[in-house]
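S.K.: I'd like to go over a predicted model; first the sequence, then the structure.
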Amino acid sequence: MKKQFVFFLLFSFLISTTIKAHPWKPDHYVIIDTDCGLDDFRAISLMLASANIRVLAIITSNGVVNAKDGYYKVRSLLKDNYHEGVLVGMNASYSQQARNCEAAMSFLWGNENYPIQTDQIFYTDVLNRVFDKCSEKIIFINMGGLNTINSYFNDYPKKIEKVKETIWTCNYDNLLGSFNYLLDTISYNSLKNKKIEIDYINGTSFGKYNNDLLSEINKHDTQLAKNLYKSLSVLNNPFAKKMYDESAVFYLLNKQIISFDSTLKVVEYSLKQGVNINNHFIDLLSYNSANQSQVLSEFSMDTSDYISDIQLMMESTIKKYGKEEWIACVLTSELHRHLGVYSLIGAKMGMRAREYFGAGVDELRIVSFAGLKPPFSCLNDGLQVSTGATLGHGLISVNENTKLPKAEFYYLGRKITISLKEEYRYQIASEIKDLSIIYGLDSNIYWDLVRNLALQYWGNWNRHEMFDIEVQ
C-alpha cells in the first residue's frame with residue numbers, strides 16, 4: 001500500500017509538471033501605462049518586438065503628452081507594426097496633469113493619418129478584460145505617474161491578486177525631483193497606503209545614447225531599429241537621447257546587468273556600475289524570435305540544407321516576411337508532404353492572426369471554414385503549424401458548412417475573422433484549372449508546376465496585403 005501511495009505521488013507530480021510546462025510561453029505578461037514620451041516610444045517598441053514579453057494592453061495617461069493624443073500615437077504605432085489587436089485604453093484623469101511637451105507632441109509614433117477608430121476606449125474596460133481573461137499573473141509597468149493603477153485598484157481592489165509585480169520607472173533616491181512622481185503625488189501616497197509593493201527602476205542610471213550606439217542602431221535594417229533611430233534624431237531637445245523608460249525592458253530581459261539598493265526603504269534597481277549598455281542594447285534589437293523547437297536545438301538557416309528551388313527564394317523571402325514565417329511555411333510543407341498552395345496560405349494566415357493580437361504560440365483558438373476536403377482543407381495544416389492551435393491541443397475546429405479559405409481567431413475574449421481576398425482566390429483557381437486541363441491531375445508535370453505556383457505565392461504574397469480582416 002505504501003509503495004502504491006509513493007507511486008501515486010510520483011505519477012501526480014510528473015503529470016502536473018508536464019501539464020504546467022510550456023516551453024514557448026514568455027516569462028512576462030505585461031500591462032503598460034505610458035505618458036508617451038520619446039523614451040516610452042522606444043521602450044514600448046522594444047517590448048512589442050520581444051518574444052519573451054507579451055504586451056496585453058497599453059494605457060495612455062496624462063504626462064509628457066496628454067492621454068487623448070497619446071492614445072492615437074499608440075494606436076498608430078500598433079497599426080504600423082501590424083499589432084492592431086493589442087488593447088489600448090485611455091485615462092484622461094485631470095488629477096494627473098499633462099505637460100504636452102512640444103517635441104513629444106510633434107513626434108509621430110506611426111502614420112497618424114490612418115483611419116483609426118475615433119472612439120477612445122476607457123482604461124477600466126481594457127483592464128477588466130485583461131484581468132478577467134488572462135490566466136497568467138500580470139506585471140503592471142508604470143512609465144509615467146501612478147494615477148491609472150491607483151484609480152483602478154480603488155475601484156477593483158480584488159484585481160490586485162492578479163498582479164505579479166508592479167514596476168515604476170522613477171528614481172526613489174531623488175523622489176521629490178522625479179518627473180513621474182510629481183505628475184501625481186496623491187496617487188503615490190494612496191498606493192503606499194494600499195501596501196502595494198512597487199519595484200522602482202532608476203532610469204537615469206542608464207545614461208544617454210552616445211554616437212557609437214546611434215551608429216550601431218542605424219546599421220540594423222529592421223523596422224524596430226528604424227523606429228528607434230527616428231526617435232533619437234529629434235532635434236533641439238535635451239531629452240531626446242536620454243534613456244529612461246527603456247530601463248524597464250532591461251530589468252525584464254537582462255537582470256544580470258541590474259543591481260538593487262537594499263539600503264533604502266524600498267527596492268530600487270539601477271544599471272550596474274561599469275556595464276557598457278551599448279552591447280546589451282544591440283542584443284535587444286535581435287531579441288525578437290524564440291526557438292520554439294522541441295527536437296532541434298536550432299532551425300537551419302543554411303541555404304545548403306534546402307532543395308535547390310527553395311534555395312533560390314530563401315534569402316529574399318526571409319528578408320521580406322521574417323524568420324518566423326519562413327519556419328512556419330517550411331514546417332507546414334513538411335507536414336503537408338508537398339508544397340501546397342493553401343497550406344502555405346494557412347501558415348501566412350495564422351502568422352497574421354498572431355501578429356494582429358500580439359499573441360504567441362498556443363494562445364489562439366481557431367474555427368476554420370476551410371472544410372475537410374482539398375483544396376481549401378489544406379489551409380488547416382498551415383493554421384495549425386503557425387499558431388500551435390492543433391487538433392491535439394483541442395484549439396482548432398472545422399466548420400464544414402462553409403468551404404472557404406477563411407477562419408475565426410479568438411484571443412482574450414475577442415474575435416477576428418480572416419479570409420483570403422477574392423482576387424487571390426480567383427487567381428489560384430484560374431491558374432490551377434489551366435494546369436489541370438492541360439496536364440491532368442495524375443501527371444507528374446502537373447504537380448511540378450503546382451509546386452512552382454506555390455513557390456511564387458510563398459515568395460510574392462505578403463500576409464499584410466492578401467487577407468481581409470473583420471473585427472467583431
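M.R.: Sure thing, it's come through.
S.K.: residue closest to the middle of this structure?
M.R.: Centroid-nearest residue in the chain: Gly358, 3.6 Å away (criterion: Cα atoms, centre = their mean).
S.K.: measure that one to Phe467 for me?
M.R.: As judged by Cβ to Cβ, to the nearest Å, Gly358 and Phe467 stand 17 Å apart. Where you see a C-beta, it was placed from the backbone N, CA and C, and this is true even at glycine.
S.K.: returning to what we had before: ok, now which ones touch the residue nearest to the centre of the chain?
M.R.: Under the criterion of Cβ atoms under 8 Å, 6 or more residues apart in numbering, the contact list for Gly358 reads 48, 54-55, 83, 85-86.
S.K.: Please name the nearest non-neighbouring residue to Val385.
M.R.: Among residues not flanking Val385 along the chain, Thr332 sits closest, at 4.4 Å (Cβ to Cβ, 6 or more residues apart in numbering).
S.K.: hmm, back to that, just the buried residues out of the contacts of Gly358, in ChimeraX syntax.
M.R.: Command for ChimeraX, covering only those of these found buried under the criterion 16 or more other Cβ atoms under 10 Å:
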select :48,54,55,83,85,86
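S.K.: can you pull out the strands in the protein?
M.R.: Secondary structure of the chain by DSSP state E: the strands cover 28-34, 53-61, 87-91, 138-143, 163-169, 198-201, 258-261, 268-271, 365-368, 396-398, 406-411, 414-420, 467-471.
S.K.: Now do the shortest one: which elements does it pack against?
M.R.: Of the remaining helices and strands, those touching strand 396-398 by 3 or more Cβ pairs under 8 Å, 6 or more residues apart in numbering; DSSP states H and E are strand 365-368, helix 379-387.
S.K.: that older thread, tally of neighbours for the residue nearest to Val385?
M.R.: The burial count assigned to Thr332 is 26, neighbours taken as other Cβ atoms under 10 Å.
S.K.: before we move on, what about Tyr411?
M.R.: By the other Cβ under 10 Å criterion, the neighbourhood of Tyr411 contains 18 residues.
S.K.: Look up which residues are beta-bridged to it.
M.R.: Residues in a beta bridge with Tyr411, per DSSP bridges, are Arg414.
S.K.: Show me where the stretch 51-200 of the chain dips below the pLDDT cut-off.
M.R.: Scanning the stretch 51-200 of the chain for pLDDT under 70 picks out 114-119.
S.K.: how about the helices of it, start to end?
M.R.: Along the stretch 51-200 of the chain, the segments classed as helices by DSSP state H, counting those that start in this stretch run 67-80, 102-106, 123-133, 147-155, 179-183, 185-194.
S.K.: Could I get the CA-only coordinates of the longest one as PDB?
M.R.: These are the backbone C-alpha positions of helix 67-80, laid out as PDB (Å, rounded to 0.1, in the frame of the first residue of the first chain):
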ATOM      1  CA  ALA A  67      -3.800  60.900 -22.800                       C
ATOM      2  CA  LYS A  68      -6.000  61.500 -25.800                       C
ATOM      3  CA  ASP A  69      -3.200  62.400 -28.200                       C
ATOM      4  CA  GLY A  70      -1.200  59.600 -26.700                       C
ATOM      5  CA  TYR A  71      -4.000  57.200 -27.400                       C
ATOM      6  CA  TYR A  72      -3.700  58.000 -31.200                       C
ATOM      7  CA  LYS A  73       0.000  57.800 -31.100                       C
ATOM      8  CA  VAL A  74       0.000  54.300 -29.500                       C
ATOM      9  CA  ARG A  75      -2.700  53.100 -31.900                       C
ATOM     10  CA  SER A  76      -0.700  54.400 -34.900                       C
ATOM     11  CA  LEU A  77       2.400  52.600 -33.700                       C
ATOM     12  CA  LEU A  78       0.500  49.300 -33.300                       C
ATOM     13  CA  LYS A  79      -1.100  49.800 -36.800                       C
ATOM     14  CA  ASP A  80       2.300  50.400 -38.400                       C
END
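S.K.: same for it, what does it pack against?
M.R.: Where contact means 3+ Cβ pairs under 8 Å, 6+ apart, helix 67-80 is packed against helix 38-49, strand 53-61, strand 87-91.
S.K.: one more time with 7 Å, if that's ok
M.R.: Contacts defined by 3 or more Cβ pairs under 7 Å, 6 or more residues apart in numbering; DSSP states H and E place helix 67-80 against strand 53-61, strand 87-91.
S.K.: got the angle for it vs helix 123-133?
M.R.: Relative orientation of helix 67-80 with respect to helix 123-133: 50 degrees, computed using axes from the mean of the first three to the mean of the last three Cα atoms, to 10 degrees.
S.K.: For helix 67-80, give me every contacting residue.
M.R.: Around helix 67-80, the neighbours that count as contacts under Cβ atoms under 7 Å, 6 or more residues apart in numbering are 34-36, 44, 58, 60-61, 65, 84, 86, 88, 90-92, 105, 109-112, 114, 116, 120.
S.K.: Distance from that helix to the middle of the chain?
M.R.: What separates the centre of helix 67-80 from the centre of its chain is 16 Å, taken as Cα atoms, centre = their mean, to the nearest Å.
S.K.: Dump the strands of the chain to CSV, plus distance to Ala248.
M.R.: Rendered in CSV, the data for the strands of the chain read as follows (distance: least, Cβ to Cβ, whole Å):
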stretch, distance to Ala248
strand 28-34, 9
strand 53-61, 10
strand 87-91, 18
strand 138-143, 5
strand 163-169, 6
strand 198-201, 6
strand 258-261, 11
strand 268-271, 10
strand 365-368, 31
strand 396-398, 35
strand 406-411, 24
strand 414-420, 26
strand 467-471, 30
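S.K.: Would you mind telling me which of those strands is nearest Asp221?
M.R.: Distances from Asp221 to each of those were compared by Cβ to Cβ, and the smallest falls on strand 53-61, at 22.7 Å.
S.K.: quick one: strands adjacent to that closest one?
M.R.: strand 28-34 (parallel), strand 87-91 (parallel).
S.K.: For Phe369, give its distance to Tyr424.
M.R.: Going from Phe369 to Tyr424 by Cβ to Cβ gives 16 Å.
S.K.: typo on my end, Trp447
M.R.: Applying Cβ to Cβ, one obtains 21 Å for the distance of Trp447 from Tyr424.
S.K.: do Asn278 as well
M.R.: Taking Cβ to Cβ as the measure, Asn278 and Tyr424 are separated by 44 Å.
S.K.: out of everything not next to it in sequence, what's closest to Leu176?
M.R.: Leu176's closest residue in space is Leu182 (Cβ to Cβ, 6+ apart), at 8.0 Å.
S.K.: contacting residues for the residue nearest to His336 when sequence neighbours are not counted?
M.R.: If you skip the residues right next to it in sequence, His336 has Ser343 as its closest partner in space, 4.3 Å away by Cβ to Cβ, 6+ apart. Contacts for Ser343 (Cβ under 7 Å, 6+ apart) come out as 332-333, 336, 378-379, 381-382.
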